[in-house]
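Trainee: Sharing a sequence plus its predicted fold:
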Amino acid sequence: MLTGELRNKVDQVWNAFWSGGIANPIEVIEQITYLLFLRALDSDQTREDNKALRLKTAPVRIIPEGFDPNGRPLENMRWSRFKNMAPADMFDVLSNQVFPFLRGLQVSGGPAAETAFAHHMRDARFTIPTPGLLAKVVDLLDTIPLDDRDTKGDLYEYMLGKIASAGQNGQFRTPRHIIDLMVALTAPTPQDTICDPASGTCGFLVAAGEYLRRTYPDMLRVPAQNKHFHNGMFHGYDFDNTMLRIGSMNMVLHGVEHPAIEYRDSLAEGAAGDAEAYSLILANPPFAGSLDYENTAKDLQQTVKTKKTELLFLALFLRLLKTGGRAAVIVPDGVLFGSSKAHKELRRKLVEEQKLDAVISLPGGVFKPYAGVSTAILLFTKTMSGGTDQVWFYDMQADGWSLDDKRQPLLDTSLLGLQRFKDGRSQLSEAEHAKNNLPDVLQRWRSLQTVRAEPVQAGAQSHPSPELTRPRTAQSFCVPKADIEANGYDLSINRYKEVVHEQVQHLAPGEILAELRALEEEIARGMGVLEGMLK
């Protein structure tokens with residue numbers, strides 16, 4: 001967790017950019033990302049220098065030595081060197097040495113070019129307008145400790161929280177507590193290969209990595225698992241180069257050395273090379289917008305003939321998953337009950353040809369103030385042979401924050417998110433649960449999964465999960481596949497949830513009329529007294 005002092009330092013950096021004339025939050029985080037990368041390169045070079053000194057060998061050069069064509073020392077590109085320069089000299093070094101070096105990393109090769117972040121530096125731009133602003137920002141960033149992986153990751157997450165804004169294509173940052181819930185529901189393992197085909201800032205991949213570190217603390221001590229974690233586990237695609245740089249840096253700062261964060265239009269023709277490559281998909285794909293048939297992958301159109309991106313992404317997830325792979329994805333409510341042929345056919349495929357596990361209805365204000373669309377989390381497993389038996393529905397009514405544009409926390413920080421979920425039981429009181437349903441969602445889901453996973457032995461007495469027997473008036477319940485089929489594969493929770501109406505006792509009409517006459521007589525008497533007083 002970040003201390004108040006560290007948050008204040010980050011806020012000072014942010015405010016310095018704003019007061020210096022850079023008001024676009026994406027541009028601010030991009031420039032901060034470049035500077036953090038330069039600081040990391042200098043730390044890596046210092047470590048290599050110290051290792052060479054101990055071993056009495058030549059150091060590995062991450063930042064080159066020598067001079068540039070203009071006779072300036074290349075050592076000036078090190079953070080530890082330029083941070084002590086005069087503002088004008090520092091500005092000249094970054095403009096004319098550092099950023100040309102960054103843009104040429106892939107061409108020049110070397111250890112620096114091997115980092116995940118370096119692959120997206122070819123169009124890096126230095127947009128800090130004045131030497132004074134650069135010097136102020138460098139001084140502030142230099143005081144922020146970046147030695148601890150958790151601190152680095154939390155700091156960057158805090159910065160990313162400041163760019164939670166909607167994009168033109170319906171992209172917006174998923175709240176961290178919703179991401180954490182989706183990761184916990186799918187329970188990644190060290191053997192998983194995880195993909196987010198609309199990765200943005202890589203929030204889902206980062207959360208999956210942190211979950212694995214917590215759940216499997218010895219994982220990175222196993223050589224094969226360590227190699228898989230750092231080189232083959234995490235895959236993210238986006239077609240926004242700025243997001244690719246930010247997402248790559250987010251992964252690196254969270255301790256994943258070589259994530260596969262790549263430029264790709266996931267829905268386009270020619271992007272089918274990784275079919276059935278992943279065992280877990282976590283995503284919140286763009287909802288808005290339509291695509292031309294000509295630009296969309298033909299195999300996706302064979303799955304569902306539509307131009308709507310939310311349906312095409314679901315078809316894409318099915319293509320990307322291995323048989324047995326699972327997914328937790330956010331979809332707009334229209335996917336659940338849309339009446340078009342494409343909507344119905346896709347839902348039929350999920351229920352009949354795959355295994356639809358759960359539909360979790362999210363509160364309407366989860367993505368405010370940037371989007372008011374109603375959404376749900378779909379959990380499904382790719383089987384290619386059916387398997388849907390009971391679909392679990394949960395009506396989430398509160399996520400711990402107010403559902404208006406302000407999105408203020410409703411509980412103490414220690415009671416938000418999944419932090420109070422311990423030993424398989426929710427620690428929240430009934431009043432706290434009314435403000436934060438997340439621990440209850442996870443507790444009930446795990447209860448259901450435990451029962452589903454237990455083998456039934458001959459003669460053994462079964463102990464069904466409460467989820468299988470809850471009435472449809474409860475906050476969560478299961479619906480048999482036959483009922484869903486009978487309702488045209490409608491997956492809206494309102495189709496199946498039963499509402500109990502409280503019986504209200506009313507007075508008989510005669511009694512109401514008698515009371516009205518009595519009131520009228522009382523008013524008339526009062527008016528008579530008033531008239532007498534006025535005379």
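Mentor: Thanks, I have it.
Trainee: quick one: the strands in the protein?
Mentor: 194-196, 234-238, 260-263, 278-283, 321-332, 355-361, 375-381, 390-395, 421-422, 425-426, 476-480 (DSSP state E).
Trainee: if I read this right, residue 158 contacts residue 4, doesn't it?
Mentor: No: counting by CB atoms under 8 Å, residue 158 stays clear of residue 4, with 11.6 Å between them. In this view, the C-beta of every residue, glycine as well, is placed from N, C-alpha and C.
Trainee: Those two: which is more packed in?
Mentor: residue 158 (15 against 7; other CB atoms under 10 Å).
Trainee: Next one: that one relative to residue 145, how far apart?
Mentor: Residue 158 sits at a distance of 14 Å from residue 145 (criterion: CB to CB, to the nearest Å).
Trainee: what do you get for residue 205?
Mentor: For residue 205, the distance to residue 145 (CB to CB) stands at 24 Å.
Trainee: likewise residue 154?
Mentor: Taking CB to CB, one finds residue 154 at 11 Å from residue 145.
Trainee: Looking at these two, which is more packed in?
Mentor: Neighbour count, other CB under 10 Å: between residue 154 and residue 145, residue 154 has more, with 18 against 10.
Trainee: I'd like to know how far the more buried one sits from residue 469.
Mentor: Per CB to CB, residue 154 is found 42 Å from residue 469.
Trainee: what do you get for residue 249?
Mentor: Counting by CB to CB, the gap from residue 249 to residue 469 is 48 Å.
Trainee: mind showing which ranges of this structure have poor pLDDT?
Mentor: Scanning the chain for pLDDT under 70 picks out 1-2, 106-117, 164-172, 269-273, 288-303, 420-426, 451-464, 501-503, 535.
Trainee: out of all of them, which helix in it is the longest?
Mentor: helix 25-55 (DSSP state H).
Trainee: That one - contacts with which helices or strands?
Mentor: When contacts are defined as 3 or more CB pairs under 8 Å, 6 or more residues apart in numbering; DSSP states H and E, helix 25-55 packs onto helix 4-19, helix 79-82, helix 99-103, helix 131-142, helix 149-160, helix 241-253.
Trainee: Could you list every helix and strand in contact with the first one?
Mentor: Counting by 3+ CB pairs under 8 Å, 6+ apart, the packing neighbours recorded for helix 4-19 are helix 25-55, helix 131-142, helix 149-160.
Trainee: Swap in 6 Å and give it another go.
Mentor: helix 131-142 (3 or more CB pairs under 6 Å, 6 or more residues apart in numbering; DSSP states H and E).
Trainee: Give the buried residues for the helix it packs on.
Mentor: Buried positions in helix 131-142, judged by neighbour count with 16 or more other CB atoms under 10 Å: 131, 133-138, 140-141.
Trainee: Contacts for stretch 354-367, please.
Mentor: With contacts defined as CB atoms under 6 Å, 6 or more residues apart in numbering, stretch 354-367 is touched by 172, 350, 374-377, 379-383, 387-388, 391-397, 399, 403, 491, 493.
Trainee: Generate a ChimeraX selection restricted to the buried entries among those residues.
Mentor: Those of these that count as buried under 16+ other CB under 10 Å are selected in ChimeraX with:
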select :172,350,374,375,376,377,379,380,381,382,387,388,391,392,393,394,395,396,399,403,491,493
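Trainee: for the residue lying closest to residue 52 once chain neighbours are set aside, what are its contacts?
Mentor: In this structure, residue 52 finds its nearest non-sequential neighbour in residue 59, 3.6 Å apart by CB to CB, 6 or more residues apart in numbering. By CB under 6 Å, 6+ apart, the residues touching residue 59 are 48-49, 52.
Trainee: just those now: which is nearest residue 190?
Mentor: residue 48 (29.5 Å; CB to CB).
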